[in-house]
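Peer 1: The sequence isn't on hand, but the structure is:
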Ligand SMILES: Nc1ncnc2c1ncn2[C@@H]1O[C@H](COP(=O)(O)OP(=O)(O)OP(=O)(O)O)[C@@H](O)[C@H]1O
Ligand SMILES: O=C(O)c1ccc[n+]([C@@H]2O[C@H](COP(=O)([O-])O)[C@@H](O)[C@H]2O)c1
């Protein structure tokens, strides 16, 4: 009879136990200078419509659009986001881009998140008017392999795309951060346009005066 040593027995390959549950995570990227009520409404509506486990607000360090406004310090933008999202258990904060610094290319961010959490499916939320610019995004074809794009339909926008975008209907709310900044600079009210805590933060830290 052939002698079989222990070493000769092939090792059984045991598949790693899947310990982390598959999650559907929304990523809502922007400058949030400052975060406003329309941002919060969009994130909540999309989160519920697509049954996402979480919607993470993703403030950028340097936005990829070169023509974008000069944003106030990330510390203030993040502080206002924290105040704005604290009451909604669906909301979270993803600081990957602020921590990485430099130009915030979405491909780099999602790649980094997927490496850390391969079990997650990511849904990147954008305004319907942004969809036309998707072909210009950094490594868009690679990005499309690792993320699902969710676009919020906007009246007047084309609302269609060559890419497999998930469209969600949300109420149209005409609030923009640039308008908030302008109102503050002109001494006008921003009540109800931003959450009360954000309004107080802007006052206490004397933000946006003489700037928009
Ligand atoms: N009123 C709105 N309704 C739906 N989507 C919005 C609205 N305002 C902003 N968004 C979307 O939120 C994301 C982040 O936007 P961002 O932080 O640049 O705010 P913004 O209000 O567009 O700022 P700004 O006026 O300074 O350009 C983008 O995808 C943008 O299209
Ligand atoms: O990666 C890109 O090339 C790219 C180009 C345009 C916009 N984005 C991302 O889209 C999000 C919304 O951008 P913005 O400029 O409308 O605030 C924000 O997270 C940006 O980093 C990303």
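Peer 2: Everything's here; your move. This one's a predicted model, so the numbers in the text were calculated from it and none came from an experiment. Ligands and ions are numbered 1, 2, ... in the order given.

Peer 1: per-residue pLDDT, the nearest residue in space to residue 183 that is not next to it in sequence?
Peer 2: Leaving aside its chain neighbours, residue 183 sits nearest to residue 190 (5.3 Å; criterion: C-beta to C-beta, 6 or more residues apart in numbering). C-beta: built from backbone N, CA, C; applies to glycine. pLDDT, the model's per-residue confidence, is 98 for residue 190.

Peer 1: same question, residue 174
Peer 2: pLDDT, read off for residue 174, is 89.

Peer 1: How many neighbouring residues does the residue nearest to it when sequence neighbours are not counted have?
Peer 2: Closest residue to residue 174 apart from its sequence neighbours, by C-beta to C-beta, 6+ apart: residue 38 at 7.8 Å. Counted with other C-beta atoms under 10 Å, residues neighbouring residue 38 total 20.

Peer 1: So residue 38, which state does it fall into?
Peer 2: The three-state label for residue 38, taken from DSSP: H, G, I helix; E, B strand; the rest coil, comes out as helix.

Peer 1: Report the contact partners of residue 44.
Peer 2: By C-beta atoms under 8 Å, 6 or more residues apart in numbering, residue 44 lies in contact with 55, 88, 90, 91.

Peer 1: repeat that for 10 Å
Peer 2: 55, 88, 90, 91, 170 (C-beta atoms under 10 Å, 6 or more residues apart in numbering).

Peer 1: No further queries at this time; thank you.
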